[in-house]
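> how would this look folded up:
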Amino acid sequence: MASKSMSIIVTKGSLDWAYPPFILSTTAAAMGLDVTMFFTFYGLPLLLKNLDLKLSPLGNPAMKMPMAGMHMGMPNIASMIPGVDAAASKMMSNLMKKKGVASIEELRTAAVDSGVRMIACQMTMDLFEYTLKDMIEGPELGGAATYIEVATKSDINLFI
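Take a look at the predicted model:
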């Protein structure tokens, strides 16, 4: 019997959106699934050698940080103040470190070490003028047809 498989389309590259695809892919690989991640548009920079991940509270009403014994949200208007995104990014990074959550770099390395297949979207590479030299070791180039070929054979397909 063939092993189960999972594919993930990775479309977002902010700090908060980088975690789900890497956590799910490494967990699935640890459970014996064959995993393929297809990085396209704003998810593609997650393959860059040097990550500069940020997050923005703008338009994210669910983002409530534990502060002063409660969970505080930030009004959208506050996101227009210079430095708020950098502060929110730093707060989230510090909270994750404090809680022992692996970094994206660590999760990405675990994915590579676990044999997760990573496909960098050729069209997006061309669009944003990246080359494989800009990326970590491991990703291959492919397009929509490459992903669809994988997806049609996968037991689980996720769009993140």
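> What residues does the residue positioned nearest the centre of the chain make contact with?
With distances taken as CA atoms, centre = their mean, the residue of the chain nearest its centroid is residue 18 (2.5 Å). By CB atoms under 8 Å, 6 or more residues apart in numbering, residue 18 lies in contact with 12, 46, 53, 104. C-beta: built from backbone N, CA, C; applies to glycine.
> do residue 8 as well
By CB under 8 Å, 6+ apart, the contact list for residue 8 reads 21, 24-25, 35-38, 157-160.
> tally of neighbours for residue 159?
Neighbour count of residue 159, defined by other CB atoms under 10 Å: 10.
> hey, what's the nearest residue to it once chain neighbours are set aside bridged with?
Once flanking residues are discounted, residue 159 sits nearest to residue 9: 4.8 Å by CB to CB, 6 or more residues apart in numbering. Beta bridges link residue 9 to residue 38, residue 159 when assigned by DSSP bridges.
> what two of the contacts of residue 8 are the furthest from one another?
Spanning the widest gap among those are 35 and 159, at 14.7 Å by CB to CB.
> was I right about residue 130 contacting residue 44?
Yes - taking contacts as CB atoms under 8 Å, residue 130 lies within contact range of residue 44: 6.9 Å.
> neighbour-wise, which of these two wins?
Each of residue 130 and residue 44 has its neighbours counted (other CB under 10 Å); residue 44 has more, 24 against 17.
> Wait, a helix at that one?
Yes - applying DSSP: H, G, I helix; E, B strand; the rest coil, one finds residue 44 inside a helix.
> For it, give its distance to residue 135.
For residue 44, the distance to residue 135 (CB to CB, to the nearest Å) stands at 9 Å.
> Which stretches in the chain count as helices?
15-30, 84-98, 104-113, 122-127, 144-151 (DSSP state H).
> Those into a markdown table, with extra columns for mean pLDDT and distance to residue 71?
Shown next, in a markdown table, are the helices of the chain (pLDDT from 0 to 100; distance: least, CB to CB, whole Å):
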| stretch | mean pLDDT | distance to residue 71 |
| --- | --- | --- |
| helix 15-30 | 96 | 15 |
| helix 84-98 | 79 | 12 |
| helix 104-113 | 96 | 24 |
| helix 122-127 | 97 | 36 |
| helix 144-151 | 97 | 37 |
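> Tell me how many other residues crowd residue 115.
Per other CB under 10 Å, the neighbour tally for residue 115 reads 10.
> State the distance from the nearest residue to it once chain neighbours are set aside to residue 154.
Spatial nearest neighbour of residue 115, chain neighbours left out: residue 29 (6.4 Å); criterion: CB to CB, 6+ apart. With the distance defined as CB to CB, residue 29 ends up 14 Å from residue 154.
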